[in-house]
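Trainee: Provide a 3D model corresponding to the input given below.
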Amino acid sequence: MIRAGRQHLVRTLADLAAQRGVGIDRYTRLKPYEAAGFPAPVSSKESRTRLYDGEQVDAYLMGKPVPPLPEVEDDGDLLDRRECAALLGVSPRSWDVYKNDPALTEARVEAGGVDHWPRRAVKAFQAARPGRDAAATRGGRPTRTGDQVPRDQVPALTAELLDADPTISAATVTARLGVHRDTAQQALIRLRADRIAGHIENHPTLTPAEAAAQLGYPAGQVRRATARAGTVLRARRAAPYLADVATALHRAGWTTEQAAPDVQLPGDDRVVAALVLDCDQAPAPALVWDERYGWRTAASRRHPITKGAVPPSEGGGVRYLTGGITPPPGDVVAALTS
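Mentor: I've put the predicted structure just below:
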């Protein structure tokens, strides 16, 4: 962690390389930071970006005793995502959901190119968030009431319960969090599907059912999750292609930003993505990709993806582009202008 009042001293490996007068590639090959006595990083152990305290590094390079960092916790300490998760007692994946809370978004601080949050903000969030114990004492969701937990917090809270018990049922999630049974069921399906897909990516020879079994998910509870896992895998494989098309549309001057496509999994069984063309000279309000038939234009920027499994008919701003399911990005641009 970055101790309170020391953010201005943070240095990255690139900073240390520049200090030595060498390029970052050479610096990381030489690895002088692994020498005995070199100050330890202030970033968490598994962080991809190493951060160091500049005062400690300077003392080491000048052959002076390395000054110790403050040992007493301070509410001004800056914590990275793993440290925030550890403070809350949750997984880093859960923190990735929690950090979207408006209070945490406002408190976020960047140090060395890495997002951090003040300890005080994390503690305040912990005190305010609906906890497992509080949910358990409510005895479930009262009839004719809304969810007792804000919808944006349900995935992370359900992830905690799933981490603790892979066999957990939707009924138990409903009782623990005080949410509607359908809300709990959808959260479990999506979490299990994502984790099954991730496990298959690490072990490509597994089937979704085999991956679910290895993760400890009961066969009777994961039929929809295993089906969705296959869709999630297809969406992840399509992501680089969709990003390339988004880049091509931006270069054509039809989007103000090179935004990532909005990927959706309607019905859990198909991959659909939308790209909003927000420039006045764009040939259509939006572009939609469906893994079944490829690209089409959409008449609405606000709701480009239509409900239902039946593809919309041509006309009224809808036009299907030729070229197959995944035509080269340049061909997509050309088809829009033809």
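
Trainee: buried residues of the one helix or strand residue 104 maps to, list them for me.
Mentor: Using DSSP states H and E, residue 104 sits in helix 102-107. For helix 102-107, a neighbour-count test (16 or more other C-beta atoms under 10 Å) marks 104, 107 as buried. (Glycine included, C-beta is placed from N, CA and C.)

Trainee: what's the helix or strand following that helix packed up against?
Mentor: Once helix 102-107 ends, the next helix or strand along the chain (criterion: DSSP H and E) is strand 109-111. Applying 3 or more C-beta pairs under 8 Å, 6 or more residues apart in numbering; DSSP states H and E, we find strand 109-111 packed against strand 114-118.

Trainee: pretty sure residue 331 contacts residue 325?
Mentor: No - using C-beta atoms under 8 Å, residue 331 is not in contact with residue 325, being 12.0 Å away.

Trainee: so the two - more neighbours on which side?
Mentor: For residue 331 versus residue 325, the count of surrounding residues by other C-beta atoms under 10 Å is larger for residue 331: 17 against 13.

Trainee: ok, now which ones touch the more buried one?
Mentor: Neighbouring residues of residue 331 by C-beta atoms under 8 Å, 6 or more residues apart in numbering: residue 323.

Trainee: same thing but 10 Å
Mentor: By C-beta atoms under 10 Å, 6 or more residues apart in numbering, the contact list for residue 331 reads 245, 248, 295, 321, 322, 323, 324.

Trainee: what does residue 248 give?
Mentor: Counting by C-beta under 10 Å, 6+ apart, residue 248 touches 254, 255, 258, 328, 329, 330, 331, 332, 333, 334.

Trainee: find residues that contact each of residue 331 and residue 325.
Mentor: residue 295.

Trainee: let me see the ranges of the helices in the stretch 201-338 of the chain.
Mentor: In the stretch 201-338 of the chain, the helices defined using DSSP state H, counting those that start in this stretch lie at 208-214, 223-251, 329-337.

Trainee: using CSV, list the CA coordinates for the last one.
Mentor: Output for helix 329-337, consisting of C-alpha atoms alone and laid out as CSV, is shown next (Å, rounded to 0.1, in the frame of the first residue of the first chain):
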residue,chain,number,x,y,z
PRO,A,329,-13.3,-4.4,-40.6
GLY,A,330,-12.5,-2.6,-43.8
ASP,A,331,-15.3,-4.5,-45.6
VAL,A,332,-17.8,-3.5,-42.9
VAL,A,333,-16.9,0.2,-43.5
ALA,A,334,-17.2,-0.3,-47.2
ALA,A,335,-20.6,-2.0,-46.9
LEU,A,336,-21.9,0.8,-44.9
THR,A,337,-21.0,3.4,-47.5
